[in-house]
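Peer 1: okay, here's the prediction I keep looking at, along with the sequence it came from:
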Amino acid sequence: MFEITRDDDGTVYLQGRFDAAQVSNAKDVLCLVDDSSVVDFAGLSYISSAGLGLLFATQKRLTDQKRELTLANLNPHIREVFRIAGFDYIFKIDE
């Protein structure tokens, strides 16, 4: 199960398992992000390459507009996935 929500201050919350089957739902929310925003991973247990790709596409779109995503509350496994993929150089990751 996967859930993505966005609060009034623009923070995006991810919960559950973010895999290829969930990209369409996530895209509906992430395409609305038009300013620098935090993506909170506290409730996320898994992310697939499809999820990484969508986050990367969102980051690229925002970077082109001089904005960025900041990733927060990554569990050790997901943090390692970002490191292996080299995404720790692409995204700002809060400790």
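Peer 2: All right, it came through fine. Every value quoted in this text rests on a predicted model; they were computed, and no experiment measured them.
Peer 1: going forward, measure contacts between C-alpha atoms and count neighbours the same way
Peer 2: Fine.
Peer 1: the residue nearest in space to the middle of the chain: what secondary structure?
Peer 2: Nearest to the mean C-alpha position of the chain, counting by CA atoms, centre = their mean, stands residue 55 at 4.7 Å. When classified by DSSP: H, G, I helix; E, B strand; the rest coil, residue 55 comes out as helix.
Peer 1: quick one: residue 74 is in a strand?
Peer 2: No - going by three-state DSSP, the assignment for residue 74 is coil, not a strand.
Peer 1: I figured it was touching residue 38, is that so?
Peer 2: No - here residue 74 does not reach residue 38: they are 11.9 Å apart, not a contact under CA atoms under 8 Å.
Peer 1: can you list the helices and strands that the strand ranked longest in the chain packs against?
Peer 2: Counting residues, the longest strand found in the chain (DSSP state E) is strand 37-47. The contact analysis (3 or more CA pairs under 8 Å, 6 or more residues apart in numbering; DSSP states H and E) places strand 37-47 against strand 12-18, strand 69-72, helix 76-85.
Peer 1: repeat the analysis, applying 6 Å as the threshold.
Peer 2: The contact analysis (3 or more CA pairs under 6 Å, 6 or more residues apart in numbering; DSSP states H and E) places strand 37-47 against strand 12-18, strand 69-72.
Peer 1: return the distance of the first one from the chain's centre.
Peer 2: This points to strand 12-18. 8 Å (CA atoms, centre = their mean, to the nearest Å).
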